[in-house]
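J.: Here is my input; please provide its structure:
(one chain, ligands or ions: 1)
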Amino acid sequence: MVQVSRKSFRTRIFFYFFVIFVLFTVAILSFQYQREKKYRSSRLENTLDYTAQLTRRFIERNQLISSGNLSRIHEIREILPGESTRITVIGLDGVVLFDSSVEDVELMENHLDRPEVQKALLEETGSHIRKSETTNQEYYYYARRYPGHFVRIAVVYDMEIRNFLKAGQFFIVFIVGAFAIIGLILYLVTGQLSLAVTRLKDFSVRAAKDEVIESEVHFPDNELGIIGSQIVRIFHNLKNAKDKLALEQEKLLNHLNVLNEGIVFFNRNKQKTLVNRHFVQYLYFISKESALNPEDIFRMEEFNKLTEFLLANPAGSSTIKPDVLPWLEYVIPSGDRFFKVQCIIFQDFSFEVILTDITRLEKRRLMKQQLTSNIAHELKTPLASIKGYLETMINHWPVPPDKQRNFIEKAYLQSERLTSLINDVSLLNNIEDAGELFRFKTVMLKEIVDDVHGNFADRMNVHSINFRSYISDEIEVKGNESLLFSIFQNLVENSINYGGNGISIELRVYHSDELYYYISYADTGKGIPEEHLSRIFERFYRVDHGRTRESGGTGLGLAIVKNAVQLHKGEISVRNRPEGGVEFLFSLSKK
Ligand code: ADP
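T.: Model (predicted):
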């Protein structure tokens, strides 16, 4: 296909040049023809003038006019070369006095109006070509004025192209030769020209179709070729720049997509230029009409403030300085979620809108607030007890030594409670806020469980609790020893505190997969009333406040367990066993 188009282009360009060349040749030929004609005419005129002079001299010498013997002029005709020469003698009044071709000159009309005679009358000599009415042949007439008469010489005029061509044979051969050489040169030149143009055309067609173009397109070594290679080079530079820009844009979009914020960029005409996934998701959530198009925000009630802000800073209104870009920020509550809206207008009046889901932060803030007041509340009770015992002793001093000891022991117990409360709160805070500070390593679960068992062995004996662990030596988890210890410690302590006497505790790995061990911790105690199960992991949530206080629990034990499990990439759930007692099911990460 490329070949065909090249040929047709070459044929066309060759054809154009050929036509121009033919026209040029025709022009040259006709010019040469005219020149030749002129040259022949002047040569002819010289001959005719010579004949006229000869005739005149002959007339004068022999005094033919005065003697009235003009017919002697035939004598000259006989010695002239060529038989066709016709001699006419005309009086200055136009009367024909002699004509070598006519017998009865008296019958001839007046010749004063003949163009050659008219010219000769004015300029001494005159010539004209026309058909003779007398002989019906084309003649070249030449007249010369002398004092007293005109002498007119006429020859049959046969200046035909055929003759000219015959005469200019060499010239024609030359023209044909030049034609052939120039044709060959044209053929080669058009070949070179068409090669560059065709390459350029192929290149432009492929570029328009966005096809892959090799960076080296070879052009012939001429001006057109240089232009062609420059165009291809510029094209490649532009394409590279465009590709780089596209890559940067893709990188930006990828970056925007991994952000937790929804971002959209608008141009100054409020048309979206770039948007990330989160923005679309958040918009869908906020909008009651399920809007998905970023441009919809300009008609959504929730974004009224944004629309007003944009109206207050219309495109082109004033110049924006790069260090003080107009900025808007406010919060949209939507259902149980909260979104922060931010808008920045850039120097070219394009702008970006950022949506941030601040629900978690907001909820965390509320939770922290609640936690602080809970902690304050929890601290009050033991502090009030300690204060109470001390006050009683101060007010009733001297207190008998046995009572003294009793009060001091009770105050000490409360201070212990305070310590464990503060320890639990700080442990929980650390897990939540600084989880990364806990160092993780491969831990043998059995060792942890054995430690916990050892710690509680005495208390278990007191309550006749039977502890059975089926955790084998090879069970290894990736975790933090002290947190893992806390998990089992809290579970065992709860069973002792709330399960009742004579119960059994059973611990086993009930399942494992590539990533996790699934562990069951169960006791055969009283269990937890169903209605409390869903809230049992909340901070300070207790089933029976009185009993818990008695047992010294802080209400934070299971919250610590849950957070610690989650920090180990696991999950925890609780259920009552049908045969009695409570069972905690949780997973711990292997890696
Ligand atoms: P505390 O630190 O006060 O023990 P937890 O968060 O550990 O608080 O436990 C919350 C509540 O769950 C306890 O008040 C208790 O009523 C109940 N509970 C926890 N473990 C058990 C269990 N093994 N058997 C019965 N009740 C339990």
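
J.: Residue 588 falls within a strand, correct?
T.: Yes. Counting by DSSP: H, G, I helix; E, B strand; the rest coil, residue 588 is found in a strand.

J.: Those residues of the protein touching the ligand, which are they?
T.: Residues of the chain lying close to the ligand (Cβ under 6 Å from any ligand atom) are 490, 494-495, 498-499, 523, 525-526, 528, 536, 541-544, 548, 553-559, 582. Bear in mind the C-beta positions are built from the backbone N, C-alpha and C, glycine included.

J.: Just the buried ones from those residues, in PyMOL syntax?
T.: Burial among those is assessed by 16 or more other Cβ atoms under 10 Å; the matching PyMOL selection reads:
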select buried, resi 490+494+495+498+499+523+525+528+536+542+548+553+554+555+556+557+558+559+582
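
J.: Mind checking which of the residues of the chain next to the ligand are in strands?
T.: Of the residues of the chain next to the ligand, the ones assigned to strands by DSSP state E are 523, 582.

J.: Give me the neighbour count for the residue in the stretch 201-350 of the chain that the ligand sits nearest to.
T.: For the stretch 201-350 of the chain, the residue closest to the ligand is residue 336, as judged by Cβ to the nearest ligand atom, at 25.5 Å. For residue 336, the count of nearby residues is 8 (other Cβ atoms under 10 Å).

J.: Could I get the contacting residues of the nearest residue to it once chain neighbours are set aside?
T.: Spatial nearest neighbour of residue 336, excluding adjacent residues (Cβ to Cβ, 6 or more residues apart in numbering): residue 359 at 7.3 Å. Counting by Cβ atoms under 8 Å, 6 or more residues apart in numbering, residue 359 makes contact with 336, 337, 338, 339.

J.: Next, the last one: secondary structure please.
T.: Under three-state DSSP, the three-state class of residue 339 is strand.

J.: which residues does residue 345 bridge with?
T.: Beta-bridge partners for residue 345, by DSSP bridges, are residue 351.

J.: Contacts only, for it.
T.: 310, 313, 320, 325, 326, 327, 351.

J.: filter the residues you listed to the buried ones?
T.: 310, 313, 326, 351.

J.: and the least confident of those residues?
T.: On pLDDT alone, residue 313 ranks lowest of those, at 88.

J.: how close does that residue sit to residue 509?
T.: Per Cβ to Cβ, to the nearest Å, residue 313 is found 63 Å from residue 509.

J.: Residue 200 too?
T.: Look at residue 200 and residue 509: by Cβ to Cβ, they are 75 Å apart.

J.: the more surrounded of the two?
T.: residue 200 (19 against 16).

J.: Quick one: neighbours of the closest residue to that one other than its chain neighbours, just the number.
T.: Nearest residue to residue 200, sequence neighbours excluded (Cβ to Cβ, 6+ apart): residue 228, at 4.6 Å. Residue 228 has 23 neighbours, counted by other Cβ under 10 Å.

J.: Let me know the secondary structure of residue 228.
T.: Going by three-state DSSP: residue 228 is helix.

J.: for it, what are its contacts?
T.: Per Cβ under 8 Å, 6+ apart, neighbours of residue 228: 196, 199, 200, 203, 217, 219.

J.: Check pLDDT for those and point me to the minimum.
T.: Among those, pLDDT bottoms out at residue 217, giving 74.

J.: Give me the distance between that one and residue 15.
T.: 27 Å.
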